[in-house]
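Trainee: show me how the following folds:
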Amino acid sequence: MDLQQRLRRAGLRVTAPRLAVLTALKDLTPHQNAETIAEAARARLGTLSTQAVYDNLHTLSEAGLVRRIEPAGSAALYELRVGDNHHHLVCRECGETHDVDCVVGDAPCLQPSAAYGFVVDEAEVTFWGLCPRCQATAAKPSGEPT
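Mentor: Alright, predicted model coming up:
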């Protein structure tokens with residue numbers, strides 16, 4: 001389904017800024033921050049305020065077309081993969097982020113030990129570690145070129 005159809009199906013008007021933001025997310029690697037998305041959207045449109053990018057990301061997130069993730073200690077990241085309750089693997093050093101499919105079976109993947117009357121429909125898990133590049137850098141003796 002093309003981006004215009006996705007917007008219409010979500011009940012949103014098709015606007016140049018929304019298309020530019022969605023196109024940026026589609027063309028960039030997943031898990032981009034708003035500033036990177038803004039740069040790509042501006043390259044497509046010529047001008048677009050940072051506030052307009054944030055407003056559109058918020059609208060697209062609310063409509064379920066974009067997912068916002070917030071790894072501790074870093075800026076919010078956005079991705080187009082939505083609705084499948086996947087999780088993330090994040091490098092503690094450089095912030096490289098990858099999708100990880102559901103840990104155990106169907107959404108919400110994990111059940112809390114006590115739900116306190118909640119109907120749980122999503123679980124958000126972040127796995128932390130060091131990516132291969134950061135592992136290699138950490139293993140080099142100091143003074144050795146990286």
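
Trainee: can you map out the strands along the protein?
Mentor: Assigned by DSSP state E, the strands in the chain fall at 67-69, 77-79, 87-91, 97-100, 126-129.

Trainee: can you add mean pLDDT and give the ones you listed back as TSV?
Mentor: Supplementary listing: these in TSV, determined by pLDDT from 0 to 100:
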stretch	mean pLDDT
strand 67-69	95
strand 77-79	96
strand 87-91	92
strand 97-100	92
strand 126-129	91
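
Trainee: I'd like those as JSON lines, with distance to Ala20 and mean neighbour count appended.
Mentor: Every residue, glycine included, has its C-beta placed from N, CA and C. As requested, the strands of the chain are arranged in JSON lines below (distance: least, Cβ to Cβ, whole Å; neighbours: other Cβ atoms under 10 Å):
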{"stretch": "strand 67-69", "distance to Ala20": "18", "mean neighbour count": "17"}
{"stretch": "strand 77-79", "distance to Ala20": "14", "mean neighbour count": "21"}
{"stretch": "strand 87-91", "distance to Ala20": "25", "mean neighbour count": "18"}
{"stretch": "strand 97-100", "distance to Ala20": "23", "mean neighbour count": "15"}
{"stretch": "strand 126-129", "distance to Ala20": "29", "mean neighbour count": "12"}
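
Trainee: so which of these gets nearest Val53?
Mentor: Shortest separation from Val53 across the strands of the chain is recorded for strand 77-79, at 10.0 Å, computed as Cβ to Cβ.

Trainee: which strands or helices does that closest one pack on?
Mentor: Strand 77-79 sits against strand 67-69, with contacts defined as 3 or more Cβ pairs under 8 Å, 6 or more residues apart in numbering; DSSP states H and E.

Trainee: what's in contact with the strand it packs on?
Mentor: Outside strand 67-69, the residues that touch it by Cβ atoms under 8 Å, 6 or more residues apart in numbering are 31, 57, 61, 76-82, 88, 97, 124, 126.
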